[in-house]
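A.B. asks: Sequence and predicted structure below; questions after.
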Amino acid sequence: MEALGEFFPDAAWQRCVVHWYRNVMTAVPQGKVREVAAMLKAIHAQEDRPSAEQKAALVVEKLEGMKLPRAASIVREGVAETLSYMAFPREHWRCLRTNNPMERLNREVRRRTRVVGAFPDGQSALMLVAARLRHVAGTRWGTRRYLDMSRLREPVMTELATAAA
């Protein structure tokens, strides 16, 4: 994160919501997992960032009331990182909340390397991974558009038109 901040100072950090849920669940007893999961999902179901932050504060209070101070601390400290996607157009929220495409690619590479088992050296492992990435990039899965980037330009164009007038 520090290197990203150095090279991309204006970039917003978006933590994967699913991984954040998992981190919170490490501090929750098995019997309360469903209830806490519903509360966490309610945070991200809000219409905008201010209401999501208010809901997060209520969830922290409720977790503390449930005698789950460690889970409340994780929510308090990490919720802002999971709400960065709300600064983008609503149509992109579903795609930006998680890092599913990257996870899918990692899972594909992991599956292929497990088939081989042990590699004689690092170069052979690198060749297998590079071959798999080339295959993915050349197939329909690799050329599929995940986000319509033209929607990100709309607010900028509106601002430029407003400034010119």
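C.D. replies: Noted; the coordinates are in hand.

A.B. asks: any idea where the helices of the chain begin and end?
C.D. replies: 2-7, 17-25, 33-44, 49-65, 69-82, 93-96, 100-116, 122-138, 140-143, 150-164 (DSSP state H).

A.B. asks: And the fifth one, what does it pack against?
C.D. replies: Here helix 69-82 is seen to pack against helix 17-25, helix 33-44, helix 49-65 when contacts are counted using 3 or more C-beta pairs under 8 Å, 6 or more residues apart in numbering; DSSP states H and E. (Each C-beta comes from the backbone N, C-alpha and C, glycine too.)

A.B. asks: just checking, what packs against the first one?
C.D. replies: This points to helix 17-25. Short answer (3+ C-beta pairs under 8 Å, 6+ apart): helix 17-25 packs on helix 33-44, helix 69-82.

A.B. asks: Could you pull up the contacting residues of Gln73?
C.D. replies: That one is not Gln; residue 73 is Ser. When contacts are counted by C-beta atoms under 8 Å, 6 or more residues apart in numbering, Ser73 is found next to Ala27.

A.B. asks: still on that earlier bit, for the helices and strands packed on helix 17-25, state which one has the densest average packing.
C.D. replies: Comparing the helices and strands packed on helix 17-25 by mean neighbour count (mean count of other C-beta atoms under 10 Å), helix 69-82 ranks first with a mean of 18.
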